[in-house]
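Visitor: fold the following, please.
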Amino acid sequence: MRCCRELGVQPISCVDSMMFGVNSARDKNQREGCNCAVSVDIGAYNSCMNGCKYCYANHAGAAVKGNYNGHDSSAEMLTLGIVR
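Guide: Okay, here's the model as predicted:
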């Protein structure tokens, strides 16, 4: 996979610790040039509506929409009945 710098895009962070007011170390398990902070994945595949082209977590557009529509903000789980 090519780094964003090779494509002329400024590197940013999918997991930006400063956005949450925390100063966290960079995740050493990511590609060189990736600015993502060390994190723990609590999400579910096919559940983010941001639509980033490089995202590893979304691979089925219809499933993403179905999971988003099934989201209940008052539930204990982020999504219920995950569609893959």
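Visitor: gap between A44 and Y68?
Guide: 11 Å (C-beta to C-beta, to the nearest Å). From N, CA and C alone the C-beta is placed, and that goes for glycine too.
Visitor: show me where this protein has helices.
Guide: Secondary structure of the chain by DSSP state H: the helices cover 61-69.
Visitor: look at I12 and report its pLDDT.
Guide: I12 is assigned 71 on the pLDDT scale.
Visitor: list the residues that contact the residue nearest the centre of the chain.
Guide: Nearest to the mean C-alpha position of the chain, counting by C-alpha atoms, centre = their mean, stands C14 at 5.8 Å. Residues counted as contacts of C14 (C-beta atoms under 8 Å, 6 or more residues apart in numbering) are 36, 52, 55.
Visitor: now render these as TSV, adding pLDDT and distance to N29.
Guide: Shown next, in TSV, are those (pLDDT from 0 to 100; distance: C-beta to C-beta, whole Å):
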residue	pLDDT	distance to N29
C36	83	9
C52	78	19
C55	77	17
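Visitor: quick one: which of those residues is most hemmed in?
Guide: C36 (18 neighbours; other C-beta atoms under 10 Å).
Visitor: surely that one and D27 touch.
Guide: Yes. At 4.9 Å, C36 and D27 qualify as touching, with contact defined as C-beta atoms under 8 Å.
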